[in-house]
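Participant: Give me the fold of what follows.
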Amino acid sequence: MPHEISLIPYACGSGAEKRNCADAPDYLRKYGLADILQSKGLDAKWADYTKIKKMPDSISNVTKHCLALKSNVQDALSEDSFPITIGGDHSMAIGTWTGVADNLHSRRKLGLIWIDAH
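Facilitator: Residues are numbered from 1 along each chain as shown. As a prediction, the model looks like this:
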């Protein structure tokens, strides 16, 4: 089991009706999610994440964000870190699971816990 938890933001709401869900990672960072997890004995750190320039249409925007998320998930897994993706809208499943699937060759047990606000 990986020892480090990589908190990976997905600041995209372009796949949702209410686009302000893209603000969730920033709020959780601001209010100390990593610190709270660390206080519980978990080695949690926010992953480096470059803000993506907003594209003119939703599909292009989701595509750009999902490609970046896929890369971040792959990086976390290759560093033996446990990725937790925090979004954003449901389109994040595309980037999350594409990144995980590309690392299945490691023969690590993988699972999904999906927490939704509604």
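
Participant: C-alpha only now, for contacts and for neighbours.
Facilitator: Noted.

Participant: Could you look up the SS state of residue 84?
Facilitator: Following DSSP: H, G, I helix; E, B strand; the rest coil, we place residue 84 in the strand state.

Participant: Can you give me the pLDDT of it?
Facilitator: Residue 84 is assigned 93 on the pLDDT scale.

Participant: what ranges do the strands span in the chain?
Facilitator: 4-10, 43-46, 81-87 (DSSP state E).

Participant: What about residue 103, how many residues nearby?
Facilitator: Neighbour count for residue 103, taken as other C-alpha atoms under 10 Å: 17.

Participant: need the contact list for it.
Facilitator: 74, 77-78 (C-alpha atoms under 8 Å, 6 or more residues apart in numbering).

Participant: circling back: out of the strands of the chain, indicate the one that is most buried.
Facilitator: strand 4-10 (a mean of 23; mean count of other C-alpha atoms under 10 Å).

Participant: wait, what's in contact with residue 16?
Facilitator: So, once contact is read as C-alpha under 8 Å, 6+ apart, residue 16 ends up touching 89-90.
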